[in-house]
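Novice: Please work out how this folds:
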Amino acid sequence: VSRQETARPLLTAGEIMQLPTADEIVLVSGCPPIRAKKIRYFQDRRLQKRVLPPPQQSAPSGVSPPGSPLPNQPAGSSWANLIAAPAAGNDDADNANGGPRREPELPEHEEIAPAPPDRSQEFDLGDDSDDTGPPIQPSFDQQVRNSVRQAPLDPADRLGM
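Specialist: Below you'll find the predicted structure:
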């Protein structure tokens, strides 16, 4: 990272993508990145003598050749061409086999939650002919109406109306 006010990488991803073909970035854990030159050993005369020819592949005796169905098996192995025979008998008729999983008959659903209250007459105030409550004076309503009408007319209440 550069030493500027806003830290930025010394080489951005775009700059790394545009490196010359002879340059490379070497990343080693715990070390800062290293910019290096690639060695073309096949072009450098000093390094050409280090290049060795590929080794000769020779199959050891008794081992199957490459490309055989079972590589690295001895040629005389009794397992080389053996195919497993299917098991005799029907697996479905086996008494030890449990077969498909079966669930016992489930009982009908039992309601355990309490029944909700009947809300069809939730706001019904009852019958007006019911006289079980305390008697209401018919003159009380008239007194309330009169006091409401007289409140703005009273100059002593200082409401400023």
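Novice: So which residues of the protein form strands?
Specialist: Ranges of strands within the chain are 23-26, 34-37, based on DSSP state E.
Novice: Which residue, other than its chain neighbours, is closest to Val28?
Specialist: Distances taken as CB to CB, 6 or more residues apart in numbering put Ile34 closest to Val28, at 7.3 Å, once the chain neighbours are dropped. (Glycine included, C-beta is placed from N, CA and C.)
Novice: neighbours around the one you found, how many?
Specialist: 10 (other CB atoms under 10 Å).
Novice: Please list all residues in contact with the nearest residue to Ile25 once chain neighbours are set aside.
Specialist: In space, and not counting its chain neighbours, Ile25 is closest to Pro33: 5.3 Å by CB to CB, 6+ apart. When contacts are counted by CB atoms under 8 Å, 6 or more residues apart in numbering, Pro33 touches 11, 25-27.
Novice: and what of Gln143?
Specialist: Per CB under 8 Å, 6+ apart, neighbours of Gln143: none.
Novice: Against Phe123, how distant is Asp44?
Specialist: Distance of Asp44 to Phe123, computed by CB to CB, to the nearest Å: 100 Å.
Novice: Looking at those two, which is more packed in?
Specialist: Set Asp44 next to Phe123 and count neighbours by other CB under 10 Å: Asp44 wins out with 10 against 5.
Novice: Read off the pLDDT value for that one.
Specialist: On pLDDT, Asp44 comes in at 85.
Novice: same question, Arg35
Specialist: pLDDT, Arg35: 92.
Novice: For it, the count of nearby residues, please.
Specialist: Around Arg35 there are 12 residues (other CB under 10 Å).
Novice: Which residues does it form beta bridges with?
Specialist: Ile25 (DSSP bridges).
Novice: Going along the chain, name the helices of this protein.
Specialist: Counting by DSSP state H, one finds helices in the chain at the ranges 13-17, 45-48, 138-150.
Novice: can I get the CA coordinates of the longest one in PDB?
Specialist: Think helix 138-150. Provided in PDB are the C-alpha atoms of helix 138-150 (Å, rounded to 0.1, in the frame of the first residue of the first chain):
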ATOM      1  CA  PRO A 138     -85.600  11.600  33.200                       C
ATOM      2  CA  SER A 139     -84.900  15.100  34.300                       C
ATOM      3  CA  PHE A 140     -81.000  14.500  34.500                       C
ATOM      4  CA  ASP A 141     -80.700  14.600  30.700                       C
ATOM      5  CA  GLN A 142     -82.700  17.800  30.600                       C
ATOM      6  CA  GLN A 143     -80.400  19.400  33.200                       C
ATOM      7  CA  VAL A 144     -77.300  18.500  31.300                       C
ATOM      8  CA  ARG A 145     -78.700  20.000  28.100                       C
ATOM      9  CA  ASN A 146     -79.600  23.200  29.800                       C
ATOM     10  CA  SER A 147     -76.200  23.600  31.500                       C
ATOM     11  CA  VAL A 148     -74.400  23.100  28.100                       C
ATOM     12  CA  ARG A 149     -76.600  25.700  26.500                       C
ATOM     13  CA  GLN A 150     -76.100  28.200  29.300                       C
END
